[in-house]
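Q: Sequence and computational prediction follow.
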Amino acid sequence: MGKSTLLNALTGEKVAIVTAKPQTTRNRILGVVETPARKGTHSAAQIVFVDTPGVHKPGTQLDRRMLQEVQDALESRDLVLVLVDVTRKMAFRDEQKGAGQETGGTSRVSRSGSRSSEDEFLFSLVRRVDCPVFLVLTKIDLIRKDELLPLIETLTKQCNFAQVIPVSARKRDGLDVLVRKIVEVLPQGQRYFPKDQYTDQPVRFMVAELIRESILIETGEEVPYAAAVVVEEFIEPEPRAKNPLTRIMAAIYCERAGQKAILIGKGGSKLKDIGTGARRKIESLLGTRVYLELHVIVEPGWRESKAFVEQLDWRNQIEDLAHGQAGEQDGDDEPS
């Protein structure tokens, strides 16, 4: 929950979905933060944060697409933040402690070769960048200070970090320091987004993500990673409606019939729970009542389908919608 929770705390908006499961984020998500000038501290600034998928070695076409999102973000940046959840036991700690010894605390992951290679893969990417890199330690409210200092010492050996900033998004500890340090290294330039815009995501994509967040919360370990959501219909309420209602139809894709059965549940109970949880969040996002209709489709092996994975990118969905609308207009202009 580190990256997305921090982004939401900085923007003050629900920009990215948050769950306890890894690999929740699948796309680059922009969060825009306006900071007023502070006398003797920093000038007014607009910071555009890019929340990327977590860095992990790709195993499927979906994973490769997620890694591409990370690499694309690294190509167009002024500063890189490496976020490390301090409650997550990294392989580097294990190497210092030795096999079979525990560092204390809770929710730690046991030592494994795959974890070691994942950690090294992350730092190998970071070492290649030619801009300042900040190490941001998240969830510092959940460990003791005597655990934090050895972790900082270990991690700073992996990369030449320009800053090391411990934060707690939940308690908002360290966020002002983080923002101030970011502003200090950003170049001067023009504002990228209007003052009142906090993300670049279209509403349809945010709705799909809220539905996927509900799936991640309501289902077990296997199903969430095999599930994808596509909004098929999004009908906005009539202008000046007294009691506005937004109608949304969305498809939940999975890979196997067994996964579909889990998503639907006995008598449709699980799908109802997913829909109820998602609808409440969507209503909060849109500020209207929402009628949400969900259905589940089995698409075998979709995570290995390049065409399907590309379809999930909201940028491609916007292009498809634009082409479809242009085609409809062309058809309307034809003589009958």
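A: That came through fine. Numbers count the residues shown, from 1 in each chain.

Q: Please count neighbours and contacts with C-alpha atoms only from this point.
A: Will do.

Q: got the contact list for the helix or strand hosting Gly31?
A: Gly31 is part of strand 29-35, with elements assigned from DSSP states H and E. The contact list for strand 29-35 (Cα atoms under 8 Å, 6 or more residues apart in numbering) reads 7-8, 10-11, 15-16, 44-52, 193, 195, 197-201.

Q: Send over that strand as PDB, restricted to the C-alpha atoms.
A: The C-alpha coordinates for strand 29-35 follow below in PDB (Å, rounded to 0.1, in the frame of the first residue of the first chain):
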ATOM      1  CA  ILE A  29      -0.900   7.200 -12.900                       C
ATOM      2  CA  LEU A  30      -0.200  11.000 -12.700                       C
ATOM      3  CA  GLY A  31      -1.000  12.900  -9.500                       C
ATOM      4  CA  VAL A  32      -0.600  16.700  -9.500                       C
ATOM      5  CA  VAL A  33       0.300  18.600  -6.400                       C
ATOM      6  CA  GLU A  34       0.200  22.400  -6.100                       C
ATOM      7  CA  THR A  35       2.500  23.800  -3.500                       C
END
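
Q: going on from it, what's the next piece of helix or strand?
A: strand 45-51.

Q: and the angle for that following strand with strand 29-35?
A: 160 degrees (axes from the mean of the first three to the mean of the last three Cα atoms, to 10 degrees).

Q: which helices and strands sit right next to strand 45-51?
A: When contacts are defined as 3 or more Cα pairs under 8 Å, 6 or more residues apart in numbering; DSSP states H and E, strand 45-51 sits against helix 2-11, strand 29-35.

Q: next one: phi and psi at Arg144?
A: Per-residue torsions, Arg144: phi -80, psi 150 (degrees, to the nearest 10).

Q: State the pLDDT value of it.
A: pLDDT, the model's per-residue confidence, is 88 for Arg144.

Q: So for Gly174, which of the helices and strands packed on strand 45-51 sits nearest?
A: Gly174 sits nearest to helix 2-11 of all those, at 10.9 Å, using Cα to Cα.

Q: helices and strands around the closest one, which ones?
A: strand 29-35, strand 45-51, strand 80-85.

Q: out of the ones you listed, nearest to Ala261?
A: strand 29-35 (31.1 Å).

Q: mind listing what's buried in the closest one?
A: Buried residues in strand 29-35, counted by 16 or more other Cα atoms under 10 Å: 29-34.

Q: Show me which of those is closest to Gly265.
A: Set against Gly265, the nearest of the buried residues of strand 29-35 by Cα to Cα is Ile29 (31.4 Å).

Q: Please report how far the closest one lies from Leu263.
A: Distance, Ile29 to Leu263, using Cα to Cα, to the nearest Å: 26 Å.

Q: picking that back up, using a markdown table, please lay out the helices and strands packed on strand 45-51 together with distance to Asp146.
A: Formatted as a markdown table, those follow (distance: least, Cα to Cα, whole Å):
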| stretch | distance to Asp146 |
| --- | --- |
| helix 2-11 | 21 |
| strand 29-35 | 33 |
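
Q: In JSON lines: the ones you listed, plus distance to Pro244 and mean pLDDT.
A: Putting the helices and strands packed on strand 45-51 into JSON lines (distance: least, Cα to Cα, whole Å; pLDDT from 0 to 100) gives the following:
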{"stretch": "helix 2-11", "distance to Pro244": "27", "mean pLDDT": "83"}
{"stretch": "strand 29-35", "distance to Pro244": "28", "mean pLDDT": "90"}
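
Q: of all these, which lies closest to Ile143?
A: The closest approach between Ile143 and any of those, judged by Cα to Cα, belongs to helix 2-11 at 14.4 Å.

Q: Now do that closest one: everything it contacts.
A: Taking Cα under 8 Å, 6+ apart as the rule, helix 2-11 contacts 14-18, 25, 31-33, 49, 51, 83-85, 138-139, 169-170, 172, 175, 198.

Q: Compute the inter-axis angle for it and strand 80-85.
A: Interaxial angle of helix 2-11 relative to strand 80-85 (the same axes, to 10 degrees): 110 degrees.

Q: Quick check: buried residues in the helix or strand that Ile182 is a member of?
A: Taking DSSP H and E as the definition, one finds Ile182 inside helix 175-185. Neighbour-count burial for helix 175-185 flags 175, 178-183 (criterion: 16+ other Cα under 10 Å).
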